[in-house]
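> The following comprises the amino acid sequence and a computationally predicted model.
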Amino acid sequence: LSLALNTPDACTGCHRDRKPQWAADAVAKWYGPGRRQEAHFGQAIDAGQRARPGAATTLLAVVTDAAQPAIVRATAIELLARYPGATTDEAIRRALRDADAQVRHAAVTAQQAAPPEQIALVLAPLLSDPARAVRTEAARVIAGAGAVPAPTSMAAFDTAIAEFESAQRGNLDRPEAWLNLGNLAAWRGDAAGAEDAYRRALQRDPRFVPATINLSDLYRATGREADAEQVLREGLQATPAAPALHEALGLALVRQGRKREALGELEAAHRAAPEEPRQAYVYALALADAGQGAEAIRLLEDSARRAGGTRDVLLALAALRRDSGDAAGAAQALQALAEVNPDDPALAATGRTVRAGEANVGINADPQ
């Protein structure tokens, strides 16, 4: 594993003058061809984190292996949610009925990207889960999606959301708790309550980026675009290197039609986190929109080399190469995605168009 993943190991941790290859050779000599060589969950987790070839398949194997530790399966579920597909969806839904609460909790959180009506339906049984962490997470995800439970599930939902709110009020010394209360108020349509909660989060920690972004998004949603921009600029004064704030400000400027300024902010976001595929993706789309398609392609290619076959990066790369007349290059990008996740529904689509658009910058945090 040290050779494959560059992880620490006990052998070279003691023999500091030796390399992992020396230790691996020693183990092979001691135990011979009959030594244990089964796949280790660390390889699947690493592939999932880095969007390596085989990531979706190996994560699925870990998720469905009841012999693996619960914390490992829960981590694999969290990563598997990045790789959409029918097989992935089914595995995560089965995990909602797992015997271990940690696995169920991860499966609940993984539902966040589903359509609201599906979330309300799928998570309704979890509102009465015996584990408080599971049932409050189910309520939080339902509320966060703006979903409305069926009438038969409303009593369980009300109880679970009340438990969630109580847990936050027990942690009011922490900005995460105020963030969650703000999100809850926003779901209830209480804009003033949400604003107050986000402000209180920032009073406790002016550098708490999620509260800055959600407060700005609240202002945007209520038509206060100038206030949304001002909040982000204040946040950047406190944390000037925060890529998420530069990105959010860039998107706010796009909405105002100030695309040249926006491009500068999105470039700043990428420079602040050059290893992050998200920042490369958003900046590349903005470059393409500005007529700098060749630079956008170069940026996405660099991101793919740095961070592996990240879905959005590869799909955008395929679309931009196709639009530039490079059909072979587009096919190559899609093939790279197929190697990471052969079940990806985008692979079955034809004529896919990737363009710059609004990003969901709402952030949740749960101090439980």
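Yep, it's here.
> residue ranges for the helices of the stretch 1-150 of the chain, please.
Here the stretch 1-150 of the chain has its helices, by DSSP state H, counting those that start in this stretch, at 2-5, 10-14, 20-31, 41-50, 55-63, 70-80, 86-95, 101-109, 116-123, 132-144.
> Using TSV, lay out the ones you listed together with mean pLDDT.
Shown next, in TSV, are those (pLDDT from 0 to 100):
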stretch	mean pLDDT
helix 2-5	88
helix 10-14	93
helix 20-31	93
helix 41-50	96
helix 55-63	97
helix 70-80	98
helix 86-95	96
helix 101-109	98
helix 116-123	94
helix 132-144	96
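> between those, which one is nearest to residue 307?
Evaluated over those, closeness to residue 307 peaks at helix 41-50, with 6.8 Å, by Cβ to Cβ. Placement of C-beta: from N, CA and C, glycine included.
> buried ones in that closest one?
For helix 41-50, a neighbour-count test (16 or more other Cβ atoms under 10 Å) marks 41, 43-48 as buried.
> what about the stretch 201-350 of the chain, any weak spots by pLDDT?
Applying pLDDT under 70 to the stretch 201-350 of the chain flags the ranges 350.
> Break down it into its helices, ranges please.
For the stretch 201-350 of the chain, the helices defined by DSSP H, counting those that start in this stretch cover 209-221, 225-238, 243-255, 259-272, 277-289, 293-307, 311-323, 327-340.
> between those helices, which gets nearest to residue 91?
Nearest to residue 91, of all the helices of the stretch 201-350 of the chain, is helix 327-340, at 16.4 Å by Cβ to Cβ.
> Could you export that closest one as CSV, CA atoms only?
Provided in CSV are the C-alpha atoms of helix 327-340 (Å, rounded to 0.1, in the frame of the first residue of the first chain):
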residue,chain,number,x,y,z
ALA,A,327,-13.8,14.9,-32.0
ALA,A,328,-11.1,12.5,-31.2
GLY,A,329,-10.1,14.6,-28.1
ALA,A,330,-13.7,14.7,-27.0
ALA,A,331,-14.0,11.0,-27.3
GLN,A,332,-10.8,10.6,-25.3
ALA,A,333,-12.2,12.7,-22.4
LEU,A,334,-15.4,10.6,-22.3
GLN,A,335,-13.3,7.4,-22.4
ALA,A,336,-11.4,8.6,-19.4
LEU,A,337,-14.7,9.2,-17.6
ALA,A,338,-15.9,5.7,-18.6
GLU,A,339,-12.8,4.3,-17.0
VAL,A,340,-13.6,6.0,-13.7
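> So what touches that helix?
Applying Cβ atoms under 8 Å, 6 or more residues apart in numbering, the contact partners of helix 327-340 are 51-56, 83, 304, 308-309, 311, 314-315, 317-319, 321-322, 344, 346-347.
> Need the pLDDT of the residue most central in space within the chain.
In the chain, the centroid-proximal residue (Cα atoms, centre = their mean) is residue 82; its distance is 7.0 Å. For residue 82, the pLDDT comes out at 96.
> these two touch, right, it and residue 48?
Yes. The pair residue 82 and residue 48 qualifies as a contact (Cβ atoms under 8 Å) at a distance of 7.2 Å.
> With the flanking residues excluded, which residue is spatially nearest to residue 116?
Here the nearest residue to residue 116 in space, its sequence neighbours aside, is residue 147; by Cβ to Cβ, 6 or more residues apart in numbering that works out to 3.9 Å.
> need the contact list for that neighbour.
By Cβ under 8 Å, 6+ apart, the residues touching residue 147 are 116-117, 119-120.
> Tell me, how many residues neighbour the nearest residue in space to residue 18 that is not next to it in sequence?
Nearest non-adjacent residue to residue 18, counting by Cβ to Cβ, 6+ apart: residue 12, 5.3 Å away. Applying other Cβ atoms under 10 Å, we find 17 residues neighbouring residue 12.
> Residue 12 and residue 22, how far apart?
Separation of residue 12 from residue 22 (Cβ to Cβ, to the nearest Å): 8 Å.
> repeat for residue 34
Distance, residue 34 to residue 22, by Cβ to Cβ: 21 Å.
> Please identify which of those two sits among more neighbours.
residue 22 (13 against 6).
> any idea how far the more buried one is from residue 32?
Computed as Cβ to Cβ, the residue 22 to residue 32 distance reads 17 Å.
> Residue 202 now?
Distance, residue 202 to residue 32, using Cβ to Cβ: 61 Å.
> same deal with residue 203?
When distance is defined by Cβ to Cβ, residue 203 is 64 Å away from residue 32.
> who's more crowded, the two?
A count of neighbours by other Cβ under 10 Å puts residue 203 above the other of residue 203 and residue 32, at 12 against 8.
> just to revisit the earlier point, for my notes, please list the helices of the stretch 1-150 of the chain in TSV and give distance to residue 197 for each entry.
Below are these laid out as TSV (distance: least, Cβ to Cβ, whole Å):
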stretch	distance to residue 197
helix 2-5	41
helix 10-14	46
helix 20-31	49
helix 41-50	32
helix 55-63	35
helix 70-80	26
helix 86-95	31
helix 101-109	22
helix 116-123	22
helix 132-144	14
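> right, and these - which one's nearest residue 272?
Between residue 272 and these, the shortest gap by Cβ to Cβ is with helix 41-50, which sits at 20.3 Å.
> So which elements touch the closest one?
On a contact count with 3 or more Cβ pairs under 8 Å, 6 or more residues apart in numbering; DSSP states H and E, helix 41-50 meets helix 2-5, helix 55-63, helix 70-80.
> quick one: which of those is nearest residue 287?
Ranking the helices and strands packed on helix 41-50 by proximity to residue 287 (Cβ to Cβ) places helix 55-63 first, at 27.3 Å.
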